[in-house]
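1. Sequence first, predicted coordinates after that:
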Amino acid sequence: MEKSGRTLEGLSSKEAETLARAGKANVLPDHSSQSVSSIICKNVFTYFNGIFFGLAVLVILVGAYRNLTFLPVVIANMVIGIVQQLRAKKVLDALSLLDVTEYTALRDGQECRVAMEHLVEGDLILLTAGQQIPADAEVADGKISANEALLTGEADEIEKEVGSELMSGSFVVSGSCVARLIRVGAESYAAKLTSKAKEVKNKKSEMIRDIELIILIAGIVIIPVGAAMVYNSCVVNGRSIQDGVVGMVGAVVGMIPEGLYLLLTVALTMSAARLAKQKVLLHDMKSIETLARVDVLCVDKTGTITSDVMTVTGLFPPVGTEEVSPADGQLLTRYAHTVPDTNITMEAIRAHFPGDEKLEATEITPFSSKLKYSEICTADGVYRLGAPEFLLTKEEMEKHRERIEEYTGKGQRVLALVRREPEESLPVLFVGLANEIRDTAPDTFSYFAEQGVKVKVISGDNPLTVSRVAMAAKIEDADRYVDAATLETEEDYLEAVRNYTVFGRVKPEQKKSLIEAIKANGQRVAMTGDGVNDILAMKEADCSIAMGGGSDAARQAAQVVLMDSDFSHMKQIVSEGRRIINNMTRSGILFLYKNIFSLLTALFTIMLSFQYPMRPTQISLISGFNIGLPGFLLAMENNTRRQHGRLLTRTLFGAAPAALLSFLLASPLMIFGTDLGLTSDEVGVASTFMLSAVCFMLLWKLIHPLNKYRIIVFVVCIAAMILGIFVLWDIFILAKVSMAGAWKAVAFAAVGALLMWCISLVNRGKKE
């Protein structure tokens, strides 16, 4: 590996293997992918599984074996969860192989590509703009500007020359260098902070917090309630231990939302697998939900709205000169082939002006997003290439504004090559460049407009240029643009995000300020990016999306990576998120209906010293055909309607009326059942029929507006319930019922269904 005329010696393959065996490889202590054993353990060793198996032991000890029908459902839940997550892991791991970060290292005297975790202490690697520094190192040759914001919180770019130390987790903003790794893996100073650059945000999503709260409350309540029920049955009422345990198990099984968290886990996992097939990699599965809830989507121009291929559209001379001279054109060519920048702008200029000649430079400053220009010092003078607004004086800028805006008004970008004089910079020539708008961009942005998601364009380019490109991409209100150089105070930012759609000439630290301002306005925000200058804003956003063709640092900082850099996949990600939110809300209402009813009924039996009316098998019947089956089938349905409000409140308010109705019907039945000529077994059967009928009416309400698939699901669930009752009576019902008792139970169920239908009509009338 040779730079600046010096030959640098790297390791041999044998030395690298020896160091790797000695534990000197750059293997980080954490890994994003779950192991097979962790997936199995997380599905088997849960709090509620412990409760269920404990209840099973109690049922076995008292000899009520036929009341163990809840156990196969629990085991099935575990198996389904494990199988689905293992299948998704296979798909995700295959996609993750495409996201491996590689570096150019010197091995056996030759340059080769080495995966980050296969680098070893002492390796010589080449670092260029956009790369993340994989381990603690020192500069052996060359010069770069590094950003250590992910380590220190400071956004300033720091120059690193020969002998300077580089910290893992920071990233190269500009320039290139050869670095020798000095501390790798867990030994590096930034072992903990390196993970910060690739971290999956541990902040739980709103839906997961709500579901965990429901489960926590249920987990706390069931123990004292269960104990009180056994005491009430055996001590107060003098019933047998078997009766006490069976009644308690029936109530506790009814109070546990056993499938709710599993359903969420499976839904997230399968969505991640479906997205992986579309080349969308999720570093954090919860980001699906977060993205589905965003109010504002912030995007960059290049690589998102436009393709990442840039072309030179032409050159034009300074005012007062008719055309660009061949000498000036040659100067631009030599400049482009001298500066070490590897960004798409410089690659476009090099492609348009090929050549081998270089300037005899005494000092080179690569392009910096902070300065907005690059610089080459020669014996003949100092030359700079960058944004005209940052290189020209106000007078020169006004003189050339009309010619520059001819290009920017077409959505093109303009760079100025200037010669630095003691007092000012004199323009040598101007370069026009353009990106093609992605074919899918207009349709994608129209989709977000229909969904009520505001799109804001944040770019380092001229605001007029960005505005014209955004307008061509059909972004709403794209004609409202502002130059970020005019934003200074916090109030300026707050006002700007309320009034403008396009932000031009934005510096890296300003991107973060804009995201903070949007969040300060009470909005959820997602940020897309592909370069190192996007990272600070991406980390601040509620959800971050990186382009697969972007920098290593941006990809590793993001929660979502579009591996093929196709922004149109955003529609599918949002659709997957909304499918999960909507279907989990619907399933959550069904689960909580059973849980609230069981809790109210259990407390009622404790206060009045009654026996809980329903057996565990009967609760299992409801859980299987009224809740589990429709919940699973409807979770597969596309459902992209945008939801507002928390899952906890929506599910509680959705389930409470039906649960309260069922309780108000069941409680007098327990009190006056014998007066109606019903045995205790027949009271349990009548309660089961009524609970099921009300739940079906609740389901009918939840699947509106109807479509063919929802009607089929509803019919299938009713047919399964009827089949379960008549064909599997000895498994689920476990009760002897007279013909008169059966008709009374059916009539009781019909009353419950009719009342629930009336409640639904009243609620629908209020909404209208």
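-> Now that the structure is in, tell me what you want to look at. Numbering: from 1, shown residues only.
2. Which parts of the stretch 151-300 of the chain are helices?
-> Using DSSP state H, counting those that start in this stretch, the helices of the stretch 151-300 of the chain run over 191-197, 206-231, 241-255, 260-277, 287-292.
3. no, scratch that, I was asking about the stretch 401-550 of the chain
-> With DSSP H, counting those that start in this stretch, the ranges of helices along the stretch 401-550 of the chain come out as 441-450, 463-472, 490-499, 508-520, 535-540.
4. Can you give the contact residues for the last one?
-> Around helix 535-540, the neighbours that count as contacts under CB atoms under 8 Å, 6 or more residues apart in numbering are 147, 149-150, 155, 171, 298, 458, 508-509, 511-512, 514-516, 519, 527, 529, 544-546, 553-554, 557-558. For the C-beta atoms, the positions are set from N, CA and C on the backbone; glycine is no exception.
5. Let's see that with 6 Å instead.
-> Identification of contacts with helix 535-540 by CB atoms under 6 Å, 6 or more residues apart in numbering yields A149, P508, K511, K512, I515, M527, G529, S544, A553, A554, A557, A558.
6. Just the closest of these to L119, please.
-> Within these, the smallest distance to L119 is 16.2 Å, found for A553 (CB to CB).
7. State the distance from the residue lying closest to P354 once chain neighbours are set aside to E347.
-> Using CB to CB, 6 or more residues apart in numbering and skipping residues adjacent in sequence, the residue nearest P354 is T333, 7.8 Å away. Noted for T333: a distance of 14 Å to E347, by CB to CB, to the nearest Å.
8. returning to what we had before: give me the pLDDT value at the residue nearest to P354.
-> T333 carries a pLDDT value of 96.
9. With the one 4 residues further on instead?
-> We have a pLDDT of 95 for H337.
10. repeat for V91
-> pLDDT at V91 comes out at 64.
11. Which of the helices of the stretch 151-300 of the chain has the lowest mean pLDDT?
-> Among the helices of the stretch 151-300 of the chain, helix 191-197 scores lowest, at a mean of 45.
12. What count of nearby residues applies to the residue nearest to P354?
-> When neighbours are counted by other CB atoms under 10 Å, T333 registers 20.
13. In this protein, what helix or strand scores lowest on average pLDDT?
-> Counting by mean pLDDT, DSSP states H and E, the chain has its least confident helix or strand at helix 191-197, which shows a mean of 45.
14. Would you map the strands across the stretch 301-450 of the chain?
-> 306-316, 361-368, 373-378, 381-386, 413-420, 425-437 (DSSP state E, counting those that start in this stretch).
15. quick one, which of the ones you listed is packed in tightest?
-> Of all the strands of the stretch 301-450 of the chain, strand 413-420 carries the top mean neighbour count, a mean of 22, counting by mean count of other CB atoms under 10 Å.
16. Distance to A22 and mean neighbour count added to the helices of the stretch 151-300 of the chain, as TSV?
-> Output for these, formatted as TSV (distance: least, CB to CB, whole Å; neighbours: other CB atoms under 10 Å):
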stretch	distance to A22	mean neighbour count
helix 191-197	18	19
helix 206-231	42	17
helix 241-255	55	25
helix 260-277	36	21
helix 287-292	38	25
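17. Let me have those helices in a markdown table, extended by distance to L676.
-> Listed next are the helices of the stretch 151-300 of the chain as a markdown table, based on distance: least, CB to CB, whole Å:
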| stretch | distance to L676 |
| --- | --- |
| helix 191-197 | 66 |
| helix 206-231 | 24 |
| helix 241-255 | 21 |
| helix 260-277 | 35 |
| helix 287-292 | 48 |
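18. where does the stretch 101-250 of the chain dip in pLDDT?
-> Along the stretch 101-250 of the chain, segments meeting pLDDT under 70 span 149-156, 189-204.
19. about what we covered before: among the strands of the stretch 301-450 of the chain, which comes closest to P463?
-> strand 413-420 (11.7 Å).
20. Contact partners for I40?
-> Going by CB under 6 Å, 6+ apart, I40 touches I82.
21. Using the three-state scheme, assign it.
-> At I40 the chain is in helix, as set by DSSP: H, G, I helix; E, B strand; the rest coil.
22. So what's the predicted local confidence for it?
-> Here the pLDDT value assigned to I40 is 88.
23. Likewise for the one 5 residues further on?
-> Confidence at F45, expressed as pLDDT, is 86.
24. Output the strands of the stretch 301-450 of the chain in TSV, with mean pLDDT appended to each entry.
-> TSV is the format used below for those (pLDDT from 0 to 100):
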stretch	mean pLDDT
strand 306-316	89
strand 361-368	87
strand 373-378	94
strand 381-386	95
strand 413-420	94
strand 425-437	92
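25. Could you dump the contacts of helix 535-540 into JSON lines with neighbour count and distance to L536 added?
-> Converted to JSON lines, the contacts of helix 535-540 look like this (neighbours: other CB atoms under 10 Å; distance: CB to CB, whole Å):
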{"residue": "A149", "neighbour count": "22", "distance to L536": "6"}
{"residue": "P508", "neighbour count": "22", "distance to L536": "6"}
{"residue": "K511", "neighbour count": "29", "distance to L536": "6"}
{"residue": "K512", "neighbour count": "21", "distance to L536": "4"}
{"residue": "I515", "neighbour count": "27", "distance to L536": "9"}
{"residue": "M527", "neighbour count": "31", "distance to L536": "10"}
{"residue": "G529", "neighbour count": "29", "distance to L536": "10"}
{"residue": "S544", "neighbour count": "30", "distance to L536": "11"}
{"residue": "A553", "neighbour count": "29", "distance to L536": "11"}
{"residue": "A554", "neighbour count": "27", "distance to L536": "11"}
{"residue": "A557", "neighbour count": "26", "distance to L536": "9"}
{"residue": "A558", "neighbour count": "30", "distance to L536": "13"}
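26. which among those gets closest to A25?
-> A553 (21.2 Å).
27. so what's the residue nearest the centre of the chain up against?
-> Taking CA atoms, centre = their mean as the criterion, S287 is the residue nearest the geometric centre of the chain, at 1.5 Å. By CB under 6 Å, 6+ apart, the contact set of S287 is C543, Q559, V560.
28. Minimum pLDDT in those, which residue is that?
-> Out of the contacts of S287, that is Q559, at 85.
29. Any idea how many residues pack against it?
-> Q559 has 25 nearby residues by other CB under 10 Å.
30. ok, now which ones touch it?
-> Q559 neighbours (CB under 6 Å, 6+ apart): H283, D284, S287, C543, S544.
31. again, only using 8 Å
-> V200, K201, L282, H283, D284, S287, T290, C543, S544, I545.
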